[in-house]
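>>> return atomic coordinates for the entry below.
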Amino acid sequence: VACVVNVLGADRPGIVYRVTAILQEEGGNIIDLQTQVGGAAHRPVYAMVIDVELAGEERLEALRRRLAEAARELSVEVSVRRSDTLTL
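Numbers count the residues shown, from 1 in each chain. Next up, the predicted model:
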């Protein structure tokens with residue numbers, strides 16, 4: 001199952017580590033990962049887009065649940081959507 005994970009929130013240490021660790025634990029294969037920091041210098045905003053391939057539909061639902069929990073803990077927004085094709 002090809003999907004795209006989007007992360008957006010206040011920049012802080014550990015966001016990439018936590019999200020990619022969950023992807024790895026759920027058997028995800030990261031195809032592409034892009035990050036960017038924007039916003040004001042005193043209030044940076046972090047954005048990350050990850051193209052990932054999962055082994056099956058059941059992994060997608062588990063991934064959504066685990067990333068929602070991590071999003072609450074990290075105080076960021078996370079969305080996961082299916083993708084017909086992986087972007088390069």
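>>> residues touching stretch 46-63, excluding its own?
In this structure, residues lying in contact with stretch 46-63 by C-beta atoms under 8 Å, 6 or more residues apart in numbering are 1-12, 15-16, 19-20, 22-23, 26-38, 76, 80, 82-83, 86-87. Every residue, glycine included, has its C-beta placed from N, CA and C.
>>> now do that stretch, average pLDDT.
When the per-residue pLDDT values of stretch 46-63 are averaged, the result is 92.
>>> what's the end-to-end length of that stretch?
Distance across stretch 46-63, first residue to last, is 21 Å (C-alpha to C-alpha, to the nearest Å).
>>> figure out how far it is from the centre of its chain.
Going by C-alpha atoms, centre = their mean, to the nearest Å, the spacing between the C-alpha centre of stretch 46-63 and its chain's C-alpha centre is 7 Å.
>>> for that stretch, list every residue counted as buried.
When burial is assessed from 16 or more other C-beta atoms under 10 Å, stretch 46-63 yields the following buried residues: 46, 47, 48, 50, 51, 52, 54, 59, 60, 62, 63.
>>> specify the beta-bridge partners of the second one.
This points to residue 47. residue 8, residue 36 (DSSP bridges).
>>> relative to its centroid, which residue of the protein is most remote?
residue 42 (24.1 Å; C-alpha atoms, centre = their mean).
>>> and the gap between it and residue 8?
With the distance defined as C-beta to C-beta, to the nearest Å, residue 42 ends up 18 Å from residue 8.
>>> looking at the protein, which helix is longest?
As assigned by DSSP state H, the longest helix anywhere in the chain is helix 57-74.
>>> kind regards, and thank you for your time.
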